[in-house]
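Peer 1: With the input below, show me the fold.
(one chain, ligands or ions: 2)
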Amino acid sequence: MYVTIEGIDTAGKSTQIQKLQEHFKDAIITKEPGGTKLGSKIREIVLGAQINSKKAEFLLFLADRAEHIQEVIKPNISKMIISDRSIVSGIAYALVQGEISETAIVHLNRFATDGTYPKKVFLLKLTKEELEFRLSQKKLDGIELRGVEYLLSIQDAIVKATELLELELVVVDATKDIETITKEIIKSI
Ligand SMILES: Nc1ncnc2c1ncn2[C@@H]1O[C@H](COP(=O)(O)OP(=O)(O)OP(=O)(O)O)[C@@H](O)[C@H]1O
Ligand SMILES: Cc1cn([C@H]2C[C@H](O)[C@@H](COP(=O)(O)O)O2)c(=O)[nH]c1=O
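Peer 2: Ligands and ions are numbered 1, 2, ... in the order given. The predicted structure follows:
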């Protein structure tokens with residue numbers, strides 16, 4: 001089963017993926033952006049450099065996704081795959097940018113993935129207060145520098161993305177302690 005852990009920056013995705021890896025020892029653990037050799041180069045570009053064109057940024061994430069689906073997801077689709085982000089983030093961040101129409105965002109993402117979507121989506125949902133605290137504890141990258149309100153609108157857009165793709169969504173309270181969240185996810189998988 002292909003599942004994805006979604007959430008805004010600092011929601012605790014990497015923390016949970018690490019815990020899930022300890023539980024599902026044979027699972028394929030992967031991520032977007034950066035789950036392939038090409039993807040790590042794309043990740044460096046999109047998160048490091050100042051990209052002026054929103055369309056260029058969107059297309060770079062799409063290129064990462066197409067390579068990831070072909071090289072990691074499709075060859076392992078019969079196994080347990082746990083991914084840190086997926087098409088769901090791709091659609092959510094693009095919807096909030098507002099530069100590209102909803103129809104084009106969904107269509108181009110379907111093209112990049114050949115319609116290979118996660119079976120279950122876990123959204124680690126943060127409160128504004130906890131998000132502010134967690135951001136204050138780290139050095140912010142280019143996307144995180146866009147601010148708290150921007151990231152909270154992405155959180156809503158993640159829900160919308162699952163509706164557009166008709167995916168099963170499990171919302172998890174990301175302010176709970178780490179072990180409790182892991183147990184909730186394992187129970188639902
Ligand atoms: N349930 C939790 N309660 C308190 N702190 C947490 C919890 N989960 C994660 N954290 C802390 O929040 C910070 C962000 O966690 P993590 O890196 O796992 O998030 P992320 O969603 O992968 O972030 P990003 O998208 O920015 O890479 C870390 O300092 C981590 O230790
Ligand atoms: C897949 C995807 C991601 N993003 C953004 C979301 C985050 O700010 C970064 C990825 O960093 P993380 O440490 O892996 O959370 O990129 C995006 O804007 N569009 C996308 O399609």
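Peer 1: what packs against the helix or strand of the chain with the lowest mean pLDDT?
Peer 2: One helix or strand of the chain scores below all others by mean pLDDT, DSSP states H and E: helix 37-48, with a mean of 94. Identification of packing neighbours for helix 37-48 by 3 or more Cβ pairs under 8 Å, 6 or more residues apart in numbering; DSSP states H and E yields helix 54-68. Backbone N, C-alpha and C define where each C-beta goes, glycine included.
Peer 1: Quick check: can you name the pairing partners of the next helix or strand after the helix it packs on and their directions?
Peer 2: Note on helix 54-68: by DSSP states H and E, the next helix or strand toward the C-terminus is strand 81-84. Strand 81-84 pairs in its sheet with strand 2-6 (parallel), strand 28-31 (parallel), by DSSP bridges.
Peer 1: quick one, which of these is nearest to ligand 1?
Peer 2: Distance to ligand 1, taken as Cβ to the nearest ligand atom, is lowest for strand 2-6 among the strands paired with strand 81-84, at 8.1 Å.
Peer 1: The next helix or strand after that closest one and ligand 1, are they touching?
Peer 2: Per DSSP H and E, the first helix or strand lying C-terminal to strand 2-6 is helix 13-23. Yes. Helix 13-23 is in contact with ligand 1 by Cβ under 6 Å from any ligand atom, via 13-15.
Peer 1: Show the buried residues in those.
Peer 2: 13, 15 (16 or more other Cβ atoms under 10 Å).
Peer 1: Can you check which helix is longest in the protein?
Peer 2: helix 148-165 (DSSP state H).
Peer 1: Around ligand 1, pick out the residues from this structure.
Peer 2: 7, 9-15, 134, 177-178, 181.
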